[in-house]
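**Student:** pasting the structure only:
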C-alpha cells in the first residue's frame, strides 16, 4: 500500500455488494441483490405537503445551522414512540440524530475502539458494520447465528475474552433475516450483564414485522451500557437520510463530541421535514401498509422457493424486514451460482462477504422488498433453474472466472 | 480517562465556541460570537418552489437510497462553476458530495492520517479542522498567518519536516479573515511543489468576496496532490448541509470508500433540491446580494471600530467572508475582555482556541454577517467600553473566574 494513505485504509475493500449492484444495471436482469425498501410506499405526497408547510411557516429557521444533538421535538417523538411501543423510557437527551444509522456505527467505532480491541459480531454479520468498524482496526470475533438468535455457548465463551462491544441486529437481521426469540433475548441479556462489553443493537427493520409479536429490544434489559440504533429509512424514506442513536448520557456525550468534529450536525431541513410529517400523518398506519405488502412479497417468495427450489436448498422464513437467507448443500459455491444466475438474468448476494472470518461460501441473501410479485415469481424460477444446473452439472464454473 | 473510551477521545474537548454560544442565549446580549450566515438571505421561497416541483415530478426517486459519490448532475454543476469562475477543469468524477465540508476534514483525516503524522496548520487556524484532525491523533505544527497569507520562511521550514498535509483557508479565513494575496498563492504553491504534503484547501467563503478580485485557488497550481473543499452553506443555506470535496481520482477513490463506511451517502433529497434550485435560479445574482449586504455590514463594523475602539487595538479589514480579527496590546487577555464584555451584554470569541500550540491570548474574532446594522453599531460601542475598561483598569478580572 502506498504510504500516502493511513494504515487503516488497508483493512477496507470497496463493498462487493456495491460492485454487484453495478452488474445489475442490465434492465433484463431481475435483482434480489440490493437492500432497498419498496419506493411504492414512500409517502411522497405527504412529505411534499409537510415540506411546503414547513418552509412557508418556518423556512428561515429550517435552513439555518442547528445543534449537533438534533431537533429536540423530533427526539421527543422518537422517545415517545419507544415509550408507546415497548414501555421503554429513553429521554430525548439520550437520543442523537444521525445521517442514517450507518453513521452511528462509525461514531461508535470512533468513540470506543482502540486498534486491536475486539469487536464481537454475529456470523453472518451486517456488512456495513464490518466496514464501519474495520476502519478502527479492531480484531473481529464472531458468534454463530442460529434460527432464533446468537448461539449462547459461543457467546458466553467469547464474552470471557472481554470484547469491547457486541454488535447485533436482533430483528430480521441483515443478511440472514433471523429474529431473536423472546427467550434468547433474555438469555443474551443475562450473559451481557456479567460482561463489560458495550451492547450495540442495530434495529433498522424492527417495525417491519409481518409475522409474530413485537419483542423488546435487548437495550431494554441493559440500558446502562448499551447503544440502540434506529432509522427512518425503512419506515419513511431513505433519501431523507435520518437515523438515530439511543445511549446513556455518559456515552452519548462523547458520541456528540465526535459527531460535532465529524460533520457538525445532521441535515436540519430533513429533520424538520420528518418532524412535520410525523405531526401531520399516522406513521403507524403507514408502517402497517408497508408490513402488509412486505409480508405478501415474502410469502410469495417463500411459496415460489418451496415450489421451485430443489429440496437440498435450505432457507430461513423471515418474520419481517427485507431479506431471506438461503443455504446450498455443503461444498456448493454461491459465487458459482451467482455466475450461473446472472447468465439467467437473476441476481442475489453471495453470502461470503458477511463472514468476516471466512466461510459461508454456500450461503446467499435474497431481498424481497423491492421486487414486484411478477418479478418475484419469474426471478425465483430463473434462480431455481440456475441452482438445478449447479447441483446437477458436474462441471461447475471455475471460481477464478468470478473472482 | 475511563478505559471505556478509545484513546483518541482524550484529545478532544467540547468546543469552547459551542459553550460560548450557550451563554449567548440571553436575549439582551449582542453576539458577534457565532459563525452563522445571515438568514435574511436564505432563498426560502425559491427552495420551496424547487422542492415542490422536485417532489411532484420525481419524488419517489428523490427519496430513495443513492450513490456515495453524490448526484451526478449536481457534481456536473459544481464542475461547471469552477470552470466558469477560474477556468479550472475539475471533472465531476473528481467531486464527492459531503454532509457539509466539515465532513471532508473528517474523511481526509481518516484516509490520510496515521497516529503521530504531522498536520501543518495556519496559526491561528480553523477550530473545526483542529477538532476533526485531532481524532486521528496527529502532531500539529503551525505556520504564522500574516496579513497576506502564511509566512513563507516558516512554511518552507515546516515543509522540510515532511508533514502529511498542509491545511489552509486562503479566502477570508476563519478566524482571522485573512486572504492570501495573488503573489503569496504562487509562492506557497511553489513551496508545495517540492513537498509531498497533501494540500487541503478549505474554501467555504471564497464566493463571499465584497472587496478586491477573485483569486485562483491554490489547488489550481497543484491539482495532482491536493484536496479542495467547498460548501453550499454560505451561498445557499446551511440547513441543507451540503458541501463537496474535489480531489484527484486516486485520492478521491479512497475517500469514497471511507465515506461509504461512514454514512453510505449524503442526504439525497437535499442534493436534489439544491440541484433543482441551481437549475431554476441565478445563484450568481443571489451571491451578489449576499456579498453586497456582508460588505456593508463589514464596512459598518470597521467604521464603528475606527470610531470607538482605542487605537491600541489592531484589526484586519476583511475582503470577504464573515469574520473580522482583532488584536489587543501584548499581554492583555481576550478572555478577561470576554468576561467584561458579556457583563456589557456583548459577546465575541476569544482567539486562544484557534492556537493549537498556545498563545493568541490577546486576539479575538468578531462575526459581522449575522447582526443587523443597529446591533453592529450598539455592539461595537459596548465592546469598545469593555476594552477601555480592560485597558485602563489596573485590576483585571482574575482568569480563574472565567476558566
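**Tutor:** Arrived safely. No experiment lies behind these values; they were computed from the predicted model shown.
**Student:** partner residues bridging the nearest residue to residue A:349 once chain neighbours are set aside?
**Tutor:** With Cβ to Cβ, 6 or more residues apart in numbering or on different chains as the criterion, residue A:349 has its nearest non-adjacent residue at 4.4 Å, and that residue is residue A:365. Heads up, the C-betas are built off the backbone N, CA and C, glycines and all. Beta bridges link residue A:365 to residue A:325, residue A:349, judged by DSSP bridges.
**Student:** Tell me, how many residues neighbour residue A:365?
**Tutor:** By the criterion of other Cβ atoms under 10 Å in any protein chain shown, residue A:365 has 26 neighbours.
**Student:** does it really touch residue A:173, like I thought?
**Tutor:** No: when contacts are counted by Cβ atoms under 8 Å, residue A:365 is not listed as touching residue A:173 (10.4 Å).
**Student:** Now for these two: what residues contact both?
**Tutor:** residue A:323 (Cβ atoms under 8 Å, 6 or more residues apart in numbering or on different chains).
**Student:** one step back: distance check, the residue nearest to residue A:349 against chain B.
**Tutor:** 17 Å (Cβ to the nearest Cβ, to the nearest Å).
**Student:** which ones are touching that residue?
**Tutor:** A:32, A:174-176, A:323-326, A:348-349, A:351, A:354.
**Student:** tell me the strands in the stretch 301-403 of chain A, going along the chain?
**Tutor:** Using DSSP state E, counting those that start in this stretch, the strands of the stretch 301-403 of chain A run over residues A:314-316, A:323-327, A:346-347, A:349-350, A:363-367.
**Student:** As a markdown table, these with mean pLDDT would be great.
**Tutor:** Listed next are the strands of the stretch 301-403 of chain A as a markdown table, based on pLDDT from 0 to 100:
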| stretch | mean pLDDT |
| --- | --- |
| strand A:314-316 | 97 |
| strand A:323-327 | 98 |
| strand A:346-347 | 96 |
| strand A:349-350 | 96 |
| strand A:363-367 | 98 |
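**Student:** what residue ranges in chain A score low on pLDDT?
**Tutor:** Judged by pLDDT under 70, chain A has its weakly predicted residues at A:1-2, A:11-16, A:18, A:21, A:24, A:394-403.
**Student:** Would you mind finding the longest helix in it?
**Tutor:** helix A:283-308 (DSSP state H).
**Student:** Remind me what that one packs against, helices and strands.
**Tutor:** Contacts defined by 3 or more Cβ pairs under 8 Å, 6 or more residues apart in numbering or on different chains; DSSP states H and E place helix A:283-308 against strand A:323-327, helix A:373-392.
**Student:** which bits of the stretch 151-300 of chain A sit near chain B?
**Tutor:** A:198, A:233, A:237-241, A:251, A:254, A:257-258, A:260-270, A:272-273 (Cβ under 8 Å from any Cβ of the partner chain).
**Student:** quick one, what contacts the residue lying closest to residue A:41 once chain neighbours are set aside?
**Tutor:** Setting aside the residues directly before and after it, residue A:41 is nearest to residue A:290 in space (Cβ to Cβ, 6+ apart), at 4.9 Å. Residue A:290 makes contact with A:37-38, A:41, A:208, A:234-235 under the criterion Cβ under 8 Å, 6+ apart.
**Student:** And the helices in chain A, which stretches?
**Tutor:** Using DSSP H, helices in chain A cover A:16-23, A:44-62, A:72-86, A:101-112, A:127-134, A:152-160, A:182-193, A:249-263, A:268-280, A:283-308, A:334-343, A:373-392.
**Student:** that older thread, would you point out the most distant pair within the contacts of residue A:290?
**Tutor:** A:38 and A:235 (12.0 Å; Cβ to Cβ).
**Student:** out of these two, which sits in the more crowded spot?
**Tutor:** Counted by other Cβ under 10 Å, residue A:38 and residue A:235 do not tie: residue A:235 has more neighbours, with 21 against 18.
**Student:** quick one: the more buried one from residue B:5, how far?
**Tutor:** Remark: distance between residue A:235 and residue B:5 (Cβ to Cβ, to the nearest Å) = 32 Å.
**Student:** show me what contacts residue A:185?
**Tutor:** By Cβ under 8 Å, 6+ apart, residue A:185 lies in contact with A:149, A:170, A:215-216, A:218, A:221.
**Student:** Which single one of the contacts of residue A:290 is nearest to chain B?
**Tutor:** The shortest gap between chain B and any of these belongs to residue A:37, at 8.0 Å (Cβ to the nearest Cβ).
**Student:** tell me the domain ranges of chain A?
**Tutor:** A:7-42+A:285-401, A:65-280 (automatic domain parsing).
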